[in-house]
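Enquirer: Sequence and predicted structure are below.
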2 protein chains.
Amino acid sequence: MKISQVGEFGLISYIKEWVQGKNPEVFRGVGDDTAVINLSRHKYLLFTCDTQVEGIHFLLSFTTPYLLGKKSMAINVSDIASMGGVPTYALISLILPQETELSFLRELYRGFMEEGNKWGVTIVGGNISRTEGPLTVDISLLGEVKKRHLKLRSGAKKGDSILITGHPGRSAAGLKLLHANKINDFPELTGAHLSPTPRLREALIIASFPEVSSMIDVSDGVLQDLGHILEESSAGALLWEKDFPIADTLSQAAGVLGEETLKLFLNGGEDYELIFTANPEKAEMIKNEVKVNRGTEISIIGEITDDYRKITLQNKFEEKINLFPQGWDHFKDI
Amino acid sequence: MKISQVGEFGLISYIKEWVQGKNPEVFRGVGDDTAVINLSRHKYLLFTCDTQVEGIHFLLSFTTPYLLGKKSMAINVSDIASMGGVPTYALISLILPQETELSFLRELYRGFMEEGNKWGVTIVGGNISRTEGPLTVDISLLGEVKKRHLKLRSGAKKGDSILITGHPGRSAAGLKLLHANKINDFPELTGAHLSPTPRLREALIIASFPEVSSMIDVSDGVLQDLGHILEESSAGALLWEKDFPIADTLSQAAGVLGEETLKLFLNGGEDYELIFTANPEKAEMIKNEVKVNRGTEISIIGEITDDYRKITLQNKFEEKINLFPQGWDHFKDI
């Protein structure tokens, strides 16, 4: 059987099976985006990695080495942020075709450094290898989190509010605009795709609330990443379309592109916004706290149900529709 | 300028320049194989990564996924060992062609697990990405070392003895035998190439001696890795050919292959033996301690001089010859 028949998430299930054995120091291991390891009485060590492969994750005709460096760092920082932690140290593994230009690498490192400095990351080393294949950037990032601030995918409870930062769907629209060669029409959307901002500072505020029961960052799409929360929390979700934070530019770009705005919002990936669940009595307070301190909008877009793994949309006509995640899967044949 | 004109070590110098900024918690950063970070009063955190790219580092016609998994883990463990530390947690990043077989991955993980378990490594996660290029395995490994046991490339002093574990050159000979399709003639040599053993237990004994002034593992070749010690220690070396631990099988294989034994010994890479320097009054004692406890042979092959970066060979005819490292460089045009 080929891995394309199994899909990314099927593959992760297999790997979980293969990597048996329990280490009591490991609080969360294979299967989560970020490993959580005992560090001291009050802190966990966080350990994550993420890869960007030319032709799969980025095209050099759309981005620049500087932006690629920034984004590669940003998406790792986002993984640490979504646990409620702060990033600390990074190793950068570069797998390079021999004809790579030195000036390309200098720009790539300018991106790594600028983004890393912004979030307190120190680059402490890495590795360089040659390849006959595409240019690949693989960053491993360490972080720390106070034990009482750690947020996981599990923990969402029936009745919890579902909240989301910012305006998802913009990155996917940006990518489609790049493909449609409409680069200058919506710089905010192409920018959201090429240079996403991890919600680290927002995450630290959110994670400080014990009433926040679960959190994840939107890398694969709102539905798919919410789906991870539901699966790990053994729960379902009811979403209210009327409360979705749809950016005006997203609706406009959807029109230009001939795409459905709602689909871009629900299934578009790489927004690196945060989805989290919280006690409904505290939801407004958390939302305001983030707005006041960071200026970032948070929307309450639904609530957790006990309808295991089902996501139901209550649309603008008050009809209820079952939704199915159709986000990014690395391996599944389309 | 292309990176092939700069070479791997030139590239690392550039990266050191680009990654400016000092973090007082980082004791060793970019430029070393393993980063050394403050962890507690008595311990450092070690953080390293290494990549295996199909077609560059391995050929699937020579190895098996199981052995590839073992070796990928072993070479990272060796990097931690060479600092005097013990490995702890690993992330495994796989970059896979879509046609990869699930059974291939199962065998790869069997290798990761078996080798990891042997050295106390817990696999805590990783990442899987698709590629249109070659299969690539990138492992990031954490470790710990007691501060007083940390060994670096720097620290070798004039008059120190130069010691080496085992019988280098066997891995390079093994690789040449594989290429020459003489797979079954010297299973010990092909085994040394396909499934190297990191010298972790030996390293722990060696590192416990304060008289050991520097240490490195042989990944790029004896001369090249000794060269790293000399460069970082601002020193030179005199090597005594008569004391080189040349395996009988290495001489025999060199004959079959039409290669020079001495060249295989000095320039062959991927042995993952340890080269270290120590106060000459303690050299015999360290050698015996390792022999008695681990059964591993250590040879005293020369001494440190103040002839900056120069390596001189005193051959069997008592002549002195200048040597130049010609080990593995990922990028340099040949």
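Expert: Sure, I can see it. Numbers count the residues shown, from 1 in each chain, chains lettered A, B, ... in the order given.

Enquirer: In contact with A:A192, which residues?
Expert: Listed by CB atoms under 8 Å, 6 or more residues apart in numbering or on different chains, the contact partners of A:A192 are A:R170, A:S171, A:A173, A:G174, A:D271. Glycine gets a C-beta too; all of them are placed from N, C-alpha and C.

Enquirer: could I get those residues as TSV with pLDDT?
Expert: As requested, these are exported to TSV (pLDDT from 0 to 100):
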residue	pLDDT
A:R170	97
A:S171	97
A:A173	96
A:G174	96
A:D271	96
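
Enquirer: After whichever strand or helix holds A:S13, which helix or strand is next? Please name it.
Expert: If you go by DSSP states H and E, A:S13 is part of helix A:3-18. Scanning forward in sequence from helix A:3-18 by DSSP H and E, the next helix or strand is strand A:26-28.

Enquirer: following that following strand, which helix or strand comes up?
Expert: Following strand A:26-28 toward the C-terminus (DSSP H and E): strand A:34-38.

Enquirer: coming back round to it: helices or strands next to the helix holding A:S13 in the packing?
Expert: Applying 3 or more CB pairs under 8 Å, 6 or more residues apart in numbering or on different chains; DSSP states H and E, one finds that helix A:3-18 contacts helix B:102-118, strand B:122-130.

Enquirer: Try it again at 7 Å.
Expert: Packing partners of helix A:3-18 (3 or more CB pairs under 7 Å, 6 or more residues apart in numbering or on different chains; DSSP states H and E): helix B:102-118.

Enquirer: Please spell out which residues along the helix it packs on are buried.
Expert: The neighbour-count check on helix B:102-118 (16 or more other CB atoms under 10 Å in any protein chain shown) flags B:L102, B:F104, B:L105, B:R106, B:E107, B:L108, B:Y109, B:G111, B:F112, B:M113, B:E115, B:G116 as buried.

Enquirer: Now for the residue of chain A found nearest chain B, how many residues are close by?
Expert: Of all residues in chain A, A:G133 sits closest to chain B, at 1.8 Å by CB to the nearest CB. A:G133 has 23 neighbours, counted by other CB atoms under 10 Å in any protein chain shown.

Enquirer: pretty sure it contacts B:L135?
Expert: No: counting by CB atoms under 7 Å, A:G133 stays clear of B:L135, with 9.2 Å between them.

Enquirer: Apart from its chain neighbours, what residue comes closest to A:S161?
Expert: Nearest non-adjacent residue to A:S161, counting by CB to CB, 6 or more residues apart in numbering or on different chains: A:A283, 3.9 Å away.

Enquirer: Now do the helix holding A:S13: distance to the chain's middle.
Expert: Distance, stretch centre to chain centre, for helix A:3-18: 20 Å (CA atoms, centre = their mean, to the nearest Å).

Enquirer: what's the answer for stretch A:35-50, then?
Expert: 19 Å.

Enquirer: Could I get the buried residue list for that stretch?
Expert: Neighbour count says stretch A:35-50 has A:A35, A:V36, A:I37, A:L39, A:K43, A:Y44, A:L45, A:L46, A:F47, A:T48, A:C49, A:D50 buried, by 16+ other CB under 10 Å.

Enquirer: how about the residues you listed in JSON lines, adding distance to B:S61 and pLDDT?
Expert: Below are the buried residues of stretch A:35-50 laid out as JSON lines (distance: CB to CB, whole Å; pLDDT from 0 to 100):
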{"residue": "A:A35", "distance to B:S61": "34", "pLDDT": "96"}
{"residue": "A:V36", "distance to B:S61": "40", "pLDDT": "97"}
{"residue": "A:I37", "distance to B:S61": "38", "pLDDT": "97"}
{"residue": "A:L39", "distance to B:S61": "44", "pLDDT": "95"}
{"residue": "A:K43", "distance to B:S61": "47", "pLDDT": "97"}
{"residue": "A:Y44", "distance to B:S61": "43", "pLDDT": "98"}
{"residue": "A:L45", "distance to B:S61": "40", "pLDDT": "98"}
{"residue": "A:L46", "distance to B:S61": "39", "pLDDT": "98"}
{"residue": "A:F47", "distance to B:S61": "34", "pLDDT": "98"}
{"residue": "A:T48", "distance to B:S61": "34", "pLDDT": "98"}
{"residue": "A:C49", "distance to B:S61": "29", "pLDDT": "97"}
{"residue": "A:D50", "distance to B:S61": "31", "pLDDT": "96"}
